[in-house]
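Enquirer: predicted model and sequence below, questions to follow.
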Amino acid sequence: MATKSDKVQRLARTIIADFFLYNQDKIDVALKNDNLFEILEGEIDDSIKFFKEHVKGGDLTVFWDTLFNRLMQREAKLIEG
């Protein structure tokens with residue numbers, strides 16, 4: 001049986017996957033120009049809002065950890081590329 005922690009982590013991964021799916025070009029440009037939070041502020045805020053609505057009293061650490069891990073993976077691919 002999945003624990004609450006497992007469900008929170010799964011939700012964070014799903015939100016971040018959608019964030020990347022719908023914003024890939026913007027993310028790539030923002031990572032190259034080192035201005036991710038300026039370019040994607042609205043999208044990040046919307047993702048946080050959605051997470052908070054579905055994880056009552058949830059810790060945003062899971063969300064931020066998931067986002068930063070994906071961003072670092074993407075940035076590494078851009079550097080290699």
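Expert: On my side now, so go ahead. Numbering: from 1, shown residues only.
Enquirer: which SSE is Asn69 in?
Expert: helix 61-80 (DSSP states H and E).
Enquirer: again, but for Ala30
Expert: Assigned by DSSP H and E, Ala30 falls in helix 4-33.
Enquirer: next SSE after that helix?
Expert: Counting by DSSP H and E, what follows helix 4-33 is helix 36-39.
Enquirer: tell me how far that next one lies from the chain's centre.
Expert: Put simply, helix 36-39 sits 13 Å off its chain's centre (CA atoms, centre = their mean, to the nearest Å).
Enquirer: mind listing what's buried in that helix?
Expert: Leu36, Ile39 (16 or more other CB atoms under 10 Å). Where C-beta positions appear, they are placed from N, C-alpha and C, glycine not excepted.
Enquirer: could you list every helix and strand in contact with that helix?
Expert: With contacts defined as 3 or more CB pairs under 8 Å, 6 or more residues apart in numbering; DSSP states H and E, helix 36-39 has these neighbours: helix 4-33.
Enquirer: helix/strand/coil for Ile48?
Expert: helix (DSSP: H, G, I helix; E, B strand; the rest coil).
Enquirer: so who does it touch?
Expert: Counting by CB atoms under 8 Å, 6 or more residues apart in numbering, Ile48 touches Leu60, Phe63.
Enquirer: from Lys4, how far off is it?
Expert: Distance of Ile48 to Lys4, computed by CB to CB, to the nearest Å: 19 Å.
Enquirer: please apply the same query to Leu36.
Expert: 30 Å.
Enquirer: for Gln73, same thing?
Expert: Taken as CB to CB, the span from Gln73 to Lys4 is 26 Å.
Enquirer: no further questions, thank you.
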